[in-house]
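*Asks:* below: sequence and its predicted model.
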Amino acid sequence: MQSPASLISRPAPGAPLLFVLSGSDELGTLVAGHLGLDRAAHEEREFEDGEHKARPLTAVANADVYILHSLHGGPQASANDKLCRLLFFIAAVKDAGAARVTAIAPYLCYARKDRRTKPNDPVTTRYVAALFEALGTDTLVTLEVHNEAAFENAFRRRTVALTAAPILVAHIRPLIGDEPVCVVSPDLGGGKRADLFREVLEAELGRPVGKAFAEKHRSAGVVSGDLFVGDVRDATCIIVDDLISTGGTLVRAARAALRGGGRRVIACVAHGLFMEGSAETLADSAIERIVATDSVPPFRLPAGPVRDKLEIVSAAPLIAETIRRLHDGEPLTDLMVF
């Protein structure tokens, strides 16, 4: 019979360890491939009452450990369940002697609840931050966080807020000819994100890119606002947002851009949640195509017109480069939102 110690594999000296929790396998495998690493072995067990256990099967003592888990709901587990599993695994790895643990949550749940909008509202982003900190997380990496300033202020440990702009721009660059181009923010709150995207696109094209924004007010789930500012006449309009939920915000902005004289609209987002109703909403012809990363697989979208115009670009090279630089102690400035 093998001894318990013989069941623990030994990593290559000096190499980072990448664990990928169940439900994030496809993205995690791509990241490992870009790093030239095998995924570190671990065990996950389910119990009849809904509880679970996870433990590393690779020795982690004194190691630089990275744990990848995208914290979106479904298809097999809720966002709450995934968050709990990630937190427990971080704690298990710390208990086993890891020198440093970095959590990589390409989609970070509760990042949108970063402020109070009603009396006695929770600030859930801050509570999630406290959980990561309490269990000893050294660094948290996420992609295109909803509000970068609120995200940073919530944490008392190192955070890395990656921007999806370079990988999205690289994908749409071949679609843009010599026609005018305008980057559109679907609301005022996304102006900083749209400006960063525009700067990256201008550098890629080597020429100026216009800017515009649509007005949006949300109260009790009702969205209003008709103001549209910016010159989009005869332009390819790139609407930039952090995520798609039902798609209503993007469609409103797309229609406004076309009414303003825009030639066509491409939507670029980091996270495609595609919640109930999005397949009907986004079928609107105002949006020609949708580009999203693989931080959230489009499992909710049925076959049909929206799936046909959806293009997925992988965030794996960006995440892999982030891990490499963190491990080697190199700067991340050009990968982050500022």
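*Replies:* Nice, I can see it.

*Asks:* what's the following helix or strand after the worst-scoring helix or strand of the chain on mean pLDDT?
*Replies:* Least confident helix or strand, the chain: strand 222-224 with a mean of 50, by mean pLDDT, DSSP states H and E. As assigned by DSSP states H and E, the chain's next helix or strand after strand 222-224 is strand 228-229.

*Asks:* that following strand: partners in the sheet, and parallel or antiparallel?
*Replies:* In the sheet, strand 228-229 lines up against strand 210-214 (antiparallel) (DSSP bridges).

*Asks:* residues touching the partner strand, excluding its own?
*Replies:* For strand 210-214, the external contacting residues (C-beta atoms under 8 Å, 6 or more residues apart in numbering) are 180-188, 190-191, 194-195, 198, 225, 227-232, 235, 237, 252-253, 256-257, 260. Yep, even glycine has a C-beta here, placed from its N, CA and C like the rest.

*Asks:* show me what counts as buried in that strand.
*Replies:* Buried residues in strand 210-214, counted by 16 or more other C-beta atoms under 10 Å: 210-214.

*Asks:* for the stretch 151-300 of the chain, which segments count as helices?
*Replies:* For the stretch 151-300 of the chain, the helices defined by DSSP state H, counting those that start in this stretch cover 165-172, 191-205, 248-259, 278-281.

*Asks:* closest to residue 152 out of the ones you listed?
*Replies:* Judged by C-beta to C-beta, the one of those that comes nearest to residue 152 is helix 191-205, at 13.1 Å.

*Asks:* for the closest one, packing partners?
*Replies:* helix 165-172, strand 181-185, strand 210-214, strand 236-244 (3 or more C-beta pairs under 8 Å, 6 or more residues apart in numbering; DSSP states H and E).

*Asks:* how about a cut-off of 10 Å?
*Replies:* In terms of contacts (3 or more C-beta pairs under 10 Å, 6 or more residues apart in numbering; DSSP states H and E), helix 191-205 is packed against helix 148-154, helix 165-172, strand 181-185, strand 210-214, strand 236-244, strand 264-272.

*Asks:* worst mean pLDDT among the ones you listed?
*Replies:* Mean pLDDT values for the helices and strands packed on helix 191-205 show the minimum at helix 148-154, a mean of 89.

*Asks:* residues making contact with that one?
*Replies:* Applying C-beta atoms under 10 Å, 6 or more residues apart in numbering, the contact partners of helix 148-154 are 108, 110-115, 123-130, 132-133, 140, 142, 145, 147, 158-161, 163, 192-193, 196, 242, 336-338.

*Asks:* for ChimeraX, write a command that selects the buried ones of these.
*Replies:* Typed into ChimeraX, the line below selects the buried ones among these, using 16+ other C-beta under 10 Å:
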select :108,110,111,112,113,114,125,126,128,129,132,140,142,145,147,159,160,161,163,193,196,242,336,337
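
*Asks:* now, the contacts of helix 148-154 that are in strands?
*Replies:* Per DSSP state E, strands hold the following members of the contacts of helix 148-154: 140, 142, 158-161, 242.

*Asks:* pick out the most distant pair among these.
*Replies:* Greatest spacing in those, by C-beta to C-beta: 158 and 242 (21.1 Å).

*Asks:* could you redo the helices and strands packed on helix 191-205 as JSON lines and give each row distance to residue 32?
*Replies:* What follows is these, written out as JSON lines (distance: least, C-beta to C-beta, whole Å):
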{"stretch": "helix 148-154", "distance to residue 32": "26"}
{"stretch": "helix 165-172", "distance to residue 32": "18"}
{"stretch": "strand 181-185", "distance to residue 32": "33"}
{"stretch": "strand 210-214", "distance to residue 32": "38"}
{"stretch": "strand 236-244", "distance to residue 32": "25"}
{"stretch": "strand 264-272", "distance to residue 32": "21"}
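
*Asks:* quick one: which of these is nearest residue 95?
*Replies:* Using C-beta to C-beta, these put helix 148-154 closest to residue 95, at 25.0 Å.

*Asks:* show me the contacts for the spatially closest residue to residue 125 that is not a sequence neighbour.
*Replies:* Ranked by C-beta to C-beta, 6 or more residues apart in numbering and with sequence neighbours excluded, the top spatial neighbour of residue 125 is residue 114, at 4.2 Å. Residues near residue 114 by C-beta under 10 Å, 6+ apart: 123-126, 128, 145-151, 153-154.

*Asks:* tabulate the residues you listed in TSV, adding columns for distance to residue 103.
*Replies:* What follows is these, written out as TSV (distance: C-beta to C-beta, whole Å):
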residue	distance to residue 103
123	20
124	17
125	15
126	16
128	11
145	13
146	17
147	19
148	17
149	20
150	18
151	13
153	18
154	14
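
*Asks:* just those now: which is nearest residue 53?
*Replies:* Looking across the contacts of residue 114 and measuring by C-beta to C-beta, the closest to residue 53 is residue 128, at 22.1 Å.

*Asks:* was I right about residue 253 contacting residue 244?
*Replies:* No - counting by C-beta atoms under 10 Å, residue 253 sits too far from residue 244 to count as a contact (11.8 Å).
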